[in-house]
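# coords please:
(chains A and B)
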Amino acid sequence: ETGVTQSPTHLIKTRGQQVTLRCSSQSGHNTVSWYQQALGQGPQFIFQYYREEENGRGNFPPRFSGLQFPNYSSELNVNALELDDSALYLCASSLIGQSYGYTFGSGTRLTVV
Amino acid sequence: AQSVTQLGSHVSVSEGALVLLRCNYSSSVPPYLFWYVQYPNQGLQLLLKYTSAATLVKGINGFEAEFKKSETSFHLTKPSAHMSDAAEYFCAVSDPSGGGADGLTFGKGTHLIIQP
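Got it, this is the predicted structure:
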C-alpha cells in the first residue's frame, strides 16, 4: 500500500506568480484534501475534492483552486502569490464518508519572496 | 462551527516523566477527535483517533487519550516520556456527518520538549 506523495518538496516563487503543487493519493482512497500550515500554526483546511469536484472548502479566497484527476491524484493551484502564502502545504487522502481515516503526505514547503 | 484549543504552546517534561498534553474542543455535534504528531520538516502522523467507540483510546508509541464529553476534552497522555517523543503535537476535530467535506479543524499545536 503506497502512502500519499507530494511534489515538489520545496519551492521558491516570487510575489504575483502562480504555483502548482501535486499530490498522489494513497491506494484505495477517493478523496483528496489540502491544508495550509503557516509557520508555528496548525494546518488550515483549504478544500476537499471527490469525483473530480470540490465538495468542501475552508476560508480561502478563489485564487486557491484545485483539480482531482480520474486516478484520484490532485493539484493545488495558487494564483497571484502573496508573501503570506508562504507555508507548508499538506495533502491528505481518505475514503468518502470516512472522515476519520486521513493519510497525510510530507508536504510542500512554499516560500514566496 | 468547530474549534480546538490546545492549552500550552510549549510543554517541557523530564525523560521518564508523565506526558500530558491538553485539548479542549467545541462542536455542535458529537465529533471525531484526533491527535497527530509532526516531526521537524515532516508531515502529520496519526497517533490515535476517537470515533464514538471506547472513550479511552490507545494509540501508537505508548500514547493514549480519553474522550470526556462533560468536559469537552480529549487530553493526550503517555506514562513515561522518551527523548524521541520531542515533536509538535496537534489535536484535531471533524464532523462525522459531513463526510469530510468540512475537513479537519486543528489546534495551534503544542511543542513537547523532553529534558534529559
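
# For the rest of this, base every contact and every neighbour count on C-alpha atoms.
Noted.

# Next one: A:Phe64, what pLDDT does it get?
For A:Phe64, the model assigns a pLDDT of 98.

# just checking, it touches A:Val78?
Yes - here A:Phe64 lies in contact with A:Val78, judged by CA atoms under 8 Å, at a distance of 4.7 Å.

# Which of these two has more residues huddled nearby?
Residue environment comparison for A:Phe64 versus A:Val78 gives the larger neighbour count to A:Val78, 20 against 15, counting by other CA atoms under 10 Å in any protein chain shown.

# That one touches A:Thr20, doesn't it?
Yes - using CA under 8 Å as the test, A:Val78 is close enough to A:Thr20 to be in contact (6.6 Å).

# Could you list the buried residues of the helix or strand hosting A:Glu54?
Under the assignment given by DSSP states H and E, the secondary-structure element containing A:Glu54 is strand A:53-57. Taking 16 or more other CA atoms under 10 Å in any protein chain shown as the basis for neighbour counts, the residues of strand A:53-57 that come out buried are A:54-57.

# And for stretch B:98-112?
With burial defined by 16+ other CA under 10 Å, the residues of stretch B:98-112 counted as buried are B:99-112.

# Show me where chain B dips below the pLDDT cut-off.
Per-residue confidence for chain B (pLDDT under 70) gives these ranges: B:99.

# all strands of it, in order?
For chain B, applying DSSP state E gives strands covering B:3-7, B:10-14, B:19-26, B:32-38, B:44-50, B:56-58, B:64-68, B:73-78, B:87-94, B:105-106, B:110-115.

# Let's have these in JSON lines, adding distance to chain A.
Putting the strands of chain B into JSON lines (distance: least, CA to the nearest CA, whole Å) gives the following:
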{"stretch": "strand B:3-7", "distance to chain A": "10"}
{"stretch": "strand B:10-14", "distance to chain A": "11"}
{"stretch": "strand B:19-26", "distance to chain A": "13"}
{"stretch": "strand B:32-38", "distance to chain A": "7"}
{"stretch": "strand B:44-50", "distance to chain A": "6"}
{"stretch": "strand B:56-58", "distance to chain A": "14"}
{"stretch": "strand B:64-68", "distance to chain A": "15"}
{"stretch": "strand B:73-78", "distance to chain A": "15"}
{"stretch": "strand B:87-94", "distance to chain A": "7"}
{"stretch": "strand B:105-106", "distance to chain A": "6"}
{"stretch": "strand B:110-115", "distance to chain A": "10"}
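
# Lovely, talk soon.
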